[in-house]
Every structure is written in structure tokens, then in C-alpha cells.
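Asker: no letters, just coordinates:
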């Protein structure tokens with residue numbers, strides 16, 4: 001048995017959740033390792049939608065460009081009726097409301113493997129590397145760290161870390177080592193055939209659906225590839241067949257007509273059972289859980305990958321602050337803020353899947369189209385409406401805990417074109433509005449806190465005033481994850497330093 005060097009954080013699982021956390025820790029200079037039990041990077045589509053808030057996260061991490069190049073917004077739906085009639089409907093995704101003020105109002109259709117590629121490439125740019133073919137098979141923790149036994153390609157080894165994050169999916173082996181059950185239920189009546197296939201001679205500018213009383217068939221083009229994701233619900237009280245290319249072809253021949261669609265190859269095949277479950281807490285000692293390792297739910301609304309990305313984004317800065325000297329109970333706020341989000345997602349996605357499943361066995365577009373269009377909404381699914389107003393880190397003032405909206409049209413020596421340009425990075429941000437005199441805490445370490453003065457003349461279009469409605473001299477303190485920590489009136493500037501002092505030194 002060979003000991004590997006000590007690290008601050010061991011991340012188990014290199015899917016979107018683990019890679020998001022790895023990128024965040026890497027840019028903060030936190031020593032970490034990330035391991036993945038699969039021998040090579042994932043090439044299955046699995047999730048296929050990335051939402052607005054997750055795009056904002058990838059932007060902040062410097063990983064968004066590949067996703068923007070590959071992803072497709074507003075993919076309309078084409079229904080192929082049993083009668084031969086073709087009915088075109090608008091995209092089932094919903095554009096974010098203007099009031100959210102985001103540079104990414106549209107969800108993008110994109111395979112999960114492309115999101116992972118973007119994050120993995122960014123992690124490598126930051127000096128990180130994923131250790132593939134490496135599985136956690138043992139775990140012991142004490143008051144100062146965690147010892148994890150790993151089965152790696154070159155044998156059994158151990159790693160000693162100050163903290164461990166389990167991001168190894170719904171079948172998390174780490175969760176099993178901790179003895180933490182996923183509490184909830186499995187919906188045996190909600191099962192799906194899934195797969196990545198090639199061959200269909202179809203317009204790739206549409207999602208294609210064949211309604212059938214025996215269960216609809218769906219093909220969604222995966223951008224930047226020849227792949228289509230195949231989906232078909234398994235009707236209740238039927239035994240699922242064994243997924244194979246021949247079996248999926250037979251489903252098309254029987255339900256859409258022989259020769260209507262010809263499948264050539266399949267690179268991933270699966271039977272998916274809807275589980276709605278989560279752990280009671282996201283932390284056990286020095287081990288934390290994120291993404292599907294902590295919660296699993298229906299895919300309706302495209303929330304699985306996105307919720308995991310946002311879990312990791314909430315956790316990253318807190319882990320970094322604790323490692324650099326903040327009180328360890330800061331990590332308790334991770335579960336306090338993210339568990340209510342998971343509960344809402346579980347409830348919402350379950351309801352959407354129930355309504356969709358009720359229509360999926362109909363033999364026409366009527367009803368099924370309406371059910372599909374109700375899957376997305378402009379607030380829950382985008383992730384932009386998530387807030388922590390009642391969480392333990394909410395400070396005084398109106399709407400602390402809300403996501404800080406972007407605004408454009410800023411200029412001046414202390415600002416750039418958009419507010420998100422000021423927030424991008426691992427630091428806290430203190431916005432000071434229309435204050436002519438110097439600010440006492442200005443000049444602190446910019447790696448930890450950046451103070452940005454915004455005058456009325458800097459707000460060229462008045463958008464900052466319209467969105468934030470600030471008072472003269474007001475301070476708006478924004479967390480590293482882009483949520484408002486506090487709004488502090490003029491004359492009470494010391495409260496900003498007091499608030500930050502709960503987490504880390506400023507200088």
C-alpha cells in the first residue's frame with residue numbers, strides 16, 4: 001500500500017458536479033485531487049440541457065465558451081402523427097424573464113459529455129488532472145482529516161485529505177461507505193428506454209416525437225455530433241425489454257412504421273427508473289455530498305446536472321474559506337442553503353413527470369404537446385430564481401440571499417461593460433453606489449475583496465439604478481457565488497467588514 005501526498009480536498013467523481021468543484025478550488029489555489037472510477041471520460045449524453053444559471057457558473061469559472069459553441073438554443077419540436085401528418089411546435093424550453101437580467105436567457109441543448117469536456121479542459125488549464133480508473137473502496141475519518149483507500153490502475157493506495165466531497169452520482173459508492181441512505185421512493189411506473197444512436201435521416205434542427213398509444217418515441221439531436229438521444233417511456237405493467245440497437249429499431253418499426261427511421265449504431269443504452277430520493281444531510285463529519293450523490297429525481301425540467309453544478313458552486317468558496325482559516329461551521333450553511341433547493345426540485349420535477357407520463361401513451365400530438373410545453377418554466381428550471389433569503393448567511397437589508405442580477409452599460413475607471421465582469425472570479429465584491437468620499441475598507445487584498453465604486457454617471461443607461469434601486473452611499477456585498485450577502489446603508493460601512501470577518505481575513 002502506497003501513501004500519496006496529503007491534499008486539502010479529495011473529490012470523488014469527475015462528472016459535472018465534481019469537475020465544477022475542482023475548477024473552483026483550482027482557481028482559488030486550494031490543493032485537491034479528483035478521482036473517477038470509470039477508466040475513460042464519459043461519452044454518454046445522459047443529461048442534455050444546461051440552464052441559464054449553470055451557464056453563468058461556467059462563465060465565472062472560465063469554462064463557458066466550448067458549451068456556447070456546441071450548444072443549441074430553442075430547439076423546436078416536430079410531431080410525426082400515426083396518420084402521417086407532421087405537426088411543428090415551438091421549443092419546450094422557456095426563455096428566462098427579462099427581470100432576471102442574465103447574459104444567458106436561453107437554455108442550451110447539449111450532451112452532458114460536452115459539458116464535462118469544457119470543465120475538464122478548464123481544470124487542466126488551471127493545473128488540475130483527473131485520475132481515471134480510480135475508485136474509493138474505504139474511508140475512515142477523524143477530527144483532523146479523512147483517510148480514503150483507493151483502488152487505482154497501479155494498485156491499492158491511500159490518500160489523506162482534510163475534506164472529502166462525494167460527487168460520484170446516484171449510485172454513489174462513497175455514500176455507501178458512509179452508511180447514508182437515499183430516502184424516498186422509486187416510481188416503478190415511470191421507466192424509460194434511453195440511448196445514444198446514429199443513423200436517422202432526419203432534420204437535426206428539430207426534436208422529433210412519434211406519439212403512440214404504446215408509448216411515444218423521441219429523438220433529440222446532440223449538437224456537434226452525429227448522435228441522437230433516444231427516449232421512450234415503458235408503459236406501466238409491462239416488462240422492459242433488454243436495450244439493444246435491434247430492440248430500439250423494432251420499437252420504431254412497430255410504432256412508427258417499418259423503414260420510417262433506420263438506426264445504424266448505438267454508443268450507449270440504458271433503462272432508466274425514476275427515483276425521487278435524497279439524503280437527510282449533505283455532511284457527515286469531514287465528508288460532504290453533492291449532486292446526484294445527495295439527491296436524485298425525475299429528469300423532467302432538465303434539473304439533475306444543473307442542480308449538481310450549483311451545489312458545487314455553493315460549496316467551493318465555503319470549503320476554500322474554511323481551509324484558509326474560517327470557522328468550520330461555515331460548511332453547515334452548505335446543506336442549510338442547498339437542501340431546500342433540492343426539495344423544491346424533487347417536488348417540481350415529480351409533478352411535471354407525472355403530468356407528462358399521463359399523456360405519453362396517447363396516440364396523437366394533442367395533449368402530449370401541452371404536457372411537453374409545461375415541463376419548462378421561466379423561474380424554477382432556469383435556476384435564476386433560486387435564493388437563500390432565509391439561509392444562515394443572509395445579512396440585513398432587502399432581499400439578501402438573492403442571486404445578484406447582471407446589468408450592462410457600466411463605465412468608468414472602476415467598472416467595465418457589465419456587472420458580471422466585475423463579479424467574475426473567486427473574490428467577494430463590494431459595490432459602493434454614488435459615494436464621493438473615500439471608503440475606509442477600500443485597499444484591501446483584491447484577491448479576497450474587490451471594492452467597486454459606481455457613480456450615477458457610470459450607470460450610463462440607468463440599468464443599475466432600475467435593477468438594484470440603490471440609495472446614495474449604499475453598499476451591496478456580493479458573495480463569491482454571485483448571491484447578495486447584505487445591503488448596507490450609508491454611514492454603516494463597518495458592517496461590511498464585520499460580515500466578512502465571519503469567514504476570512506480581508507488583508
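Answerer: Yep, that arrived. Remember, predicted model here, so these are calculated numbers, not experimental data.
Asker: in its sheet, what does the longest strand along the chain sit against?
Answerer: The residue-count maximum for a strand in the chain (DSSP state E) belongs to strand 183-198. Each strand paired with strand 183-198, and its direction, by DSSP bridges: strand 228-234 (antiparallel), strand 265-278 (antiparallel).
Asker: quick one: contacts of the helix or strand just after the shortest one?
Answerer: Right, the one you point to is strand 228-234. Helices and strands here follow DSSP states H and E; after strand 228-234, the next one along the chain is helix 245-256. Counting by C-beta atoms under 8 Å, 6 or more residues apart in numbering, the neighbours of helix 245-256 from elsewhere in the structure are 80, 193, 195, 197, 210, 212, 214-215, 217, 230, 232, 241, 259-263, 265-266, 269. C-beta: built from backbone N, CA, C; applies to glycine.
Asker: quick one: the helices in the stretch 401-507 of the chain, in order.
Answerer: 419-423, 463-468, 494-500 (DSSP state H, counting those that start in this stretch).
Asker: one step back: and the contacts of helix 245-256, which of them are buried?
Answerer: Neighbour counting by 16 or more other C-beta atoms under 10 Å classes 80, 193, 195, 197, 210, 212, 215, 217, 230, 232, 261, 263, 266, 269 among the contacts of helix 245-256 as buried.
Asker: kindly reformat those as a markdown table containing distance to residue 62.
Answerer: Compiled in a markdown table, the buried ones among the contacts of helix 245-256 are given as follows (distance: C-beta to C-beta, whole Å):
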| residue | distance to residue 62 |
| --- | --- |
| 80 | 41 |
| 193 | 37 |
| 195 | 33 |
| 197 | 33 |
| 210 | 41 |
| 212 | 45 |
| 215 | 42 |
| 217 | 39 |
| 230 | 34 |
| 232 | 38 |
| 261 | 40 |
| 263 | 38 |
| 266 | 35 |
| 269 | 35 |
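Asker: which pLDDT value goes with the residue lying closest to residue 172 once chain neighbours are set aside?
Answerer: Sequence neighbours aside, residue 293 is the residue nearest to residue 172 in space, at 3.8 Å (criterion: C-beta to C-beta, 6 or more residues apart in numbering). pLDDT for residue 293: 96.
Asker: I'd say residue 293 and residue 18 touch.
Answerer: No - no contact is recorded between residue 293 and residue 18 when judged using C-beta atoms under 8 Å, the distance being 9.3 Å.
Asker: could you measure from the nearest residue to residue 495 once chain neighbours are set aside over to residue 473?
Answerer: Take residue 495 and drop its neighbours on the chain: the residue closest to it by C-beta to C-beta, 6+ apart is residue 488, 5.0 Å away. Separation of residue 488 from residue 473 (C-beta to C-beta, to the nearest Å) stands at 9 Å.
Asker: ok, residue 77 next?
Answerer: With the distance defined as C-beta to C-beta, residue 77 ends up 51 Å from residue 473.
Asker: sketch out the low-pLDDT regions of the stretch 1-150 of the chain for me.
Answerer: Low-confidence segments of the stretch 1-150 of the chain, defined by pLDDT under 70, are located at 1-5.
Asker: so which residues of it form helices?
Answerer: Listed in chain order, the helices found in the stretch 1-150 of the chain under DSSP H, counting those that start in this stretch are 16-27, 52-61, 65-70, 112-125.
Asker: which stretch among the ones you listed comes nearest residue 148?
Answerer: The minimum distance between residue 148 and the helices of the stretch 1-150 of the chain falls on helix 16-27, with 14.2 Å, by C-beta to C-beta.
Asker: mutual contacts of residue 293 and residue 18, please.
Answerer: Residues touching both residue 293 and residue 18 (C-beta under 8 Å, 6+ apart): 167-168.
Asker: what's the pLDDT at residue 303?
Answerer: You'll see residue 303 listed with a pLDDT of 78.
Asker: same thing with residue 455?
Answerer: Reading off the confidence values, residue 455 has pLDDT 89.
Asker: and what of residue 417?
Answerer: At residue 417, the pLDDT value in this model is 72.
Asker: run a quick neighbour tally on the spatially closest residue to residue 98 that is not a sequence neighbour.
Answerer: Nearest-residue entry for residue 98: residue 105, 7.8 Å, with adjacent residues in sequence omitted and distances by C-beta to C-beta, 6+ apart. Applying the criterion other C-beta atoms under 10 Å, we find 18 residues in the vicinity of residue 105.
Asker: in contact with residue 105, which residues?
Answerer: Residue 105 sits next to 52, 95-96, 98 when contact means C-beta under 8 Å, 6+ apart.
Asker: which one of those sits closest to residue 222?
Answerer: Distances from residue 222 to the contacts of residue 105, taken by C-beta to C-beta, are shortest for residue 52, at 20.0 Å.
Asker: list the contacts for the spatially closest residue to that closest one that is not a sequence neighbour?
Answerer: Distances taken as C-beta to C-beta, 6+ apart place residue 382 nearest to residue 52, at 4.3 Å, with adjacent residues excluded. Going by C-beta under 8 Å, 6+ apart, residue 382 touches 51-53, 94, 96, 100, 102, 107.
Asker: next: residue 267.
Answerer: 43-44, 196-198, 227.
Asker: recalculate using a threshold of 6 Å.
Answerer: Residue 267 makes contact with residue 196 under the criterion C-beta atoms under 6 Å, 6 or more residues apart in numbering.
Asker: look up how far residue 417 lies from residue 455.
Answerer: As for residue 455, its distance to residue 417 is 16 Å (criterion: C-beta to C-beta).
Asker: of those two, which one has the most company?
Answerer: Comparing residue 455 with residue 417 by other C-beta under 10 Å, the one with more neighbours is residue 455, at 16 against 11.
Asker: for residue 464, see how far away that one is.
Answerer: Taking C-beta to C-beta, one finds residue 455 at 10 Å from residue 464.
Asker: most distant residue from the centre of this structure?
Answerer: When each C-alpha in the chain is compared with the mean C-alpha position (C-alpha atoms, centre = their mean), residue 437 comes out farthest, at 41.0 Å.
Asker: relative to residue 472, how far out is it?
Answerer: From residue 437 across to residue 472, the span is 12 Å (C-beta to C-beta).
Asker: with residue 253 instead?
Answerer: Counting by C-beta to C-beta, the gap between residue 253 and residue 472 amounts to 71 Å.
Asker: quick one, which of those two is more surrounded?
Answerer: Applying other C-beta under 10 Å to residue 253 and residue 472 shows that residue 253 carries more neighbours, namely 14 against 11.
Asker: I appreciate the help and will end here.
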